[in-house]
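Visitor: here you go, sequence then predicted model.
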Amino acid sequence: MYILVTNDDGIDALGLFALKNALEALSPVIVVAPDHNWSASGHTKTMHKPLRVETRALRDGSPAYVTDGAPTDCVALVMLGLLPEKPALVVSGINPAANLAHDITYSGTAAAAMEGAINNVPAIAVSIDAGHNAEIDFAPAAEIAVRIARRVLSNGLPPGTWLNVNVPAVPRAQIRGVRVTRLGTRVYRDQLIERRDPAGRPYYWIGGEPPAGIVEEEGTDVWAIAQRYVSITPAHLDLTSHAFIEPLRAWENDSLWLDIHKDVKSPKGG
Ligand SMILES: [Mn+2]
C-alpha cells in the first residue's frame, strides 16, 4: 500500500517535497514527477513520443522517479504497470498558486488528480493561493493534505470524483476553517502582448495581471479562499451540463435535421 505523489511543477519543486514528507506520516509514498515545470499544461497525454523514466534522489536523498512526460503521464505510467501495484491514493501538488474555478481546466495539478479518478483511484489536488511567491510556507497546506488524505484513504471517494483543495496563503493561525465548496467564477485579466522579433515579425505573449475571481458568490471556492477558509471542492469527471440536456432535447426532432439523410452515402455507394 502506498500513496502516489506527483505534481505539475517538476521534481525539484518545494511543494512536491513538502507534500511527500508530510504524507509519509500516513503511509509509504512513491514520487513520480515530471522533469520540468508543466504548469497550465492541462490534461496532456503523451502519444507521439516515447517516455523515459529515471530514478532521482530528492533533496533529502530519498528516491523518486522522474519522467519526461506530463503530469498525466506520471499517473498513467503507474496505473499501466510501471510499478507492481496501483496506489491507494494519488495526491498532486502542492501547487504554489491557487487552482480555483475555471483554473482546473488549465491545471496540470488538477489533471494528475483526474487521471487518478479515471483509473478508479481516489485522488486529491492541493494548491496554495500564493501566486508563485518564493517565500511560500508549504507546511500548513501539507498538514491539511495529510488530514484529508487520511479520511479519503479510510472512506474512499465516489466513482469519477476527486477533491480539489485550495489553501489560503496565510499563517496557520489565520486560517478560519474548512469549507466544502462548488467551483466559482474566475475573472482572467490576460492581455495579448505583441512584440517584434529581430526580423521584425510579430510574436505574442498571453500575460498580464494574475486572475481575479467573483468573491461575492458565497459557497464557491473563490469565495472560500477570499474568506481565508480552506476550500475543498468535490470535482467530477462528468462535464455534462445536466441542466441543459432537457432543453437541448428539443433539437432532436427539430427542422435542423430534416434533410439529414440526403447527403449520406451508403457503404455500398447507392
Ligand atoms: Mn504548477
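Guide: Ah, there it is.
Visitor: could you pull out the helices for the stretch 1-150 of the chain?
Guide: Using DSSP state H, counting those that start in this stretch, the helices of the stretch 1-150 of the chain run over residues 14-23, 71-77, 108-118, 139-155.
Visitor: for the ion, which of the ones you listed is the nearest?
Guide: The ion lies closest, by C-beta to the ion, to one member of these: helix 108-118, at 5.6 Å. Bear in mind the C-beta positions are built from the backbone N, C-alpha and C, glycine included.
Visitor: what kind of secondary structure is the residue of the stretch 151-270 of the chain found nearest the ion in?
Guide: Closest residue of the stretch 151-270 of the chain to the ion, C-beta to the ion: Asn166 (12.9 Å). State at Asn166, reduced to three classes by DSSP: H, G, I helix; E, B strand; the rest coil: strand.
Visitor: ok, how many other residues are close to the closest residue to it other than its chain neighbours?
Guide: Leaving aside its sequence neighbours, Asn166 sits nearest to Ser231 (C-beta to C-beta, 6 or more residues apart in numbering; 4.5 Å). For Ser231, the neighbour count with other C-beta atoms under 10 Å is 29.
Visitor: check what pLDDT Ser231 gets.
Guide: Here, the pLDDT recorded for Ser231 equals 98.
Visitor: excluding chain neighbours, what is closest to whichever residue of the stretch 1-150 of the chain sits closest to the ion?
Guide: Per C-beta to the ion, Ser39 is where the stretch 1-150 of the chain lies closest to the ion, at 3.3 Å. Nearest residue to Ser39 in three dimensions, chain neighbours excluded: Asp8, at 5.3 Å (C-beta to C-beta, 6+ apart).
Visitor: can you report phi and psi for that neighbour?
Guide: Note on Asp8: its backbone torsions stand at phi -110, psi 0 [degrees, to the nearest 10].
Visitor: burial of it, as a residue count?
Guide: If we define neighbours as other C-beta under 10 Å, then Asp8 has 30 of them.
Visitor: can you name the residues bridging to Val32?
Guide: Beta-bridge pairing for Val32 (DSSP bridges): Tyr65.
Visitor: listing partners with orientation, what would you give for the helix or strand Trp205 falls within?
Guide: Taking DSSP states H and E as the criterion, Trp205 maps to strand 202-208. Strand 202-208 has its sheet partners listed here by DSSP bridges as strand 190-196 (antiparallel).
Visitor: how about low-confidence regions in the chain?
Guide: Counting by pLDDT under 70, the chain contains low-confidence residues at 132-134, 263-270.
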